[in-house]
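>>> Next comes the sequence, and after it the predicted model I'd like to discuss.
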Amino acid sequence: MIKNSADIDAKESINKDDNSNTIKSLFLKEISCPVCKNSFRTASVKVNAPRIASRDSDLFIRYSVINPYLYEVWLCPTCGYAALKVDFSKIREFQIKLIKEKITPKWVNREYDIPFTEKIAIERYKLALLNALVIESKSSTKAMICLKIAWMYRLLMDEANEKNYIKQSLVAFNDTFINEKLPVYGLDRFSIMFLIGELHRRIGEDSLALRWFSEVITSIGAPQKVKEMARDGKDKIRRY
């Protein structure tokens, strides 16, 4: 639940006396929960607010001013249903039943200060991951949530937890590649092949990384940009 604040005006914009760019980049979005049908408001990033500062080799984008990754989980304060915002409404009847049986009875609402921090984002992503496990979401969903948790730990410079969630993401991405219809989350077959290789590289599994990078480079249908990313990955392994 988002804490009530006198800073929220009738237009549901968020303002504070310090005129923070971060706060000005946020607004409260009205959401209807597909599980319990209650409405709630959640902090969201204005469309034109994010500014890309740089990109990491595993597709993580670093932003200045406001980090939209911090706000990618929607969490119903009434029933405890949490999911990535792109998946929030994509829930089936049997999954709704599972939420009501296994999540809601144990749910204790919590409040979050605005703006969200990396630690708050991690907690919300982990709640989304718990929901994904309970409702038997596809491996691609679990892979993306775990990867984004890893990215949040990267921002906190917590290498141990970052690698732990990269490993969990890898397991799910491998299953995604084998068993799911692609693309998923904007990632086509070749992007996922590269990403699997890059994640292996980041946890020190160089031989597996090289195998995936080589698969990308030798694939006839792979876009040139993805091939170049795979070559860069191979070069990093050779240099270090």
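Good, I have the coordinates.
>>> what are the ranges of the strands in this structure?
26-32, 39-45, 51-55, 61-64, 73-75, 82-84 (DSSP state E).
>>> Let's have the ones you listed in a markdown table, adding distance to Arg154 and mean pLDDT.
The way it works is simple: take the backbone N, C-alpha and C, and place the C-beta from them, glycine included. Formatted as a markdown table, the strands of the chain follow (distance: least, C-beta to C-beta, whole Å; pLDDT from 0 to 100):
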| stretch | distance to Arg154 | mean pLDDT |
| --- | --- | --- |
| strand 26-32 | 23 | 97 |
| strand 39-45 | 20 | 97 |
| strand 51-55 | 13 | 96 |
| strand 61-64 | 10 | 95 |
| strand 73-75 | 17 | 98 |
| strand 82-84 | 18 | 98 |
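>>> Quick check, pLDDT for the most centrally placed residue in the chain.
Nearest to the mean C-alpha position of the chain, by C-alpha atoms, centre = their mean, lies Lys148 at 3.9 Å. pLDDT, Lys148: 98.
>>> Pretty sure it sits against Tyr125.
Yes: with contact defined as C-beta atoms under 8 Å, Lys148 counts as touching Tyr125 (5.8 Å).
>>> any shared contact partners between the two?
Glu72 (C-beta atoms under 8 Å, 6 or more residues apart in numbering).
>>> how near is Ile52 to Glu72?
16 Å (C-beta to C-beta, to the nearest Å).
>>> try Arg51
For Arg51 relative to Glu72 (C-beta to C-beta), the value is 17 Å.
>>> okay, these two: which has more neighbours?
The neighbour count for Arg51 versus Glu72, taken as other C-beta atoms under 10 Å, is higher for Glu72 (20 against 11).
>>> The closest residue to Ala83 other than its chain neighbours - how many residues pack around it?
Of all residues not flanking Ala83 in the chain, Ala128 sits nearest, at 5.3 Å (C-beta to C-beta, 6 or more residues apart in numbering). By the criterion of other C-beta under 10 Å, Ala128 has 28 neighbours.
>>> now do Lys85
16.
>>> For it, list the residues it contacts.
Residues counted as contacts of Lys85 (C-beta under 8 Å, 6+ apart) are 71-74.
>>> mind running it again at 6 Å?
72, 74 (C-beta atoms under 6 Å, 6 or more residues apart in numbering).
>>> low pLDDT regions in the chain?
1-20 (pLDDT under 70).
>>> Could I have the CA atoms of the top helix by length along it written out in PDB?
Counting by DSSP state H, the longest helix found in the chain is helix 159-179. Taking Å, rounded to 0.1, in the frame of the first residue of the first chain, the C-alpha atoms of helix 159-179 are listed here in PDB:
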ATOM      1  CA  GLU A 159      27.500  -9.200  -5.600                       C
ATOM      2  CA  ALA A 160      26.600 -12.300  -3.700                       C
ATOM      3  CA  ASN A 161      22.800 -11.800  -4.000                       C
ATOM      4  CA  GLU A 162      23.200 -10.500  -7.600                       C
ATOM      5  CA  LYS A 163      24.900 -13.800  -8.700                       C
ATOM      6  CA  ASN A 164      22.300 -15.900  -6.700                       C
ATOM      7  CA  TYR A 165      19.400 -14.400  -8.700                       C
ATOM      8  CA  ILE A 166      21.300 -14.500 -12.000                       C
ATOM      9  CA  LYS A 167      21.700 -18.300 -11.400                       C
ATOM     10  CA  GLN A 168      17.900 -18.600 -10.700                       C
ATOM     11  CA  SER A 169      17.200 -16.500 -13.800                       C
ATOM     12  CA  LEU A 170      19.500 -18.700 -15.900                       C
ATOM     13  CA  VAL A 171      17.600 -21.900 -14.900                       C
ATOM     14  CA  ALA A 172      14.300 -20.300 -15.900                       C
ATOM     15  CA  PHE A 173      15.700 -18.800 -19.200                       C
ATOM     16  CA  ASN A 174      17.000 -22.200 -20.200                       C
ATOM     17  CA  ASP A 175      13.600 -23.700 -19.700                       C
ATOM     18  CA  THR A 176      12.000 -20.700 -21.600                       C
ATOM     19  CA  PHE A 177      14.300 -21.300 -24.500                       C
ATOM     20  CA  ILE A 178      13.500 -25.000 -24.800                       C
ATOM     21  CA  ASN A 179       9.800 -25.000 -24.000                       C
END
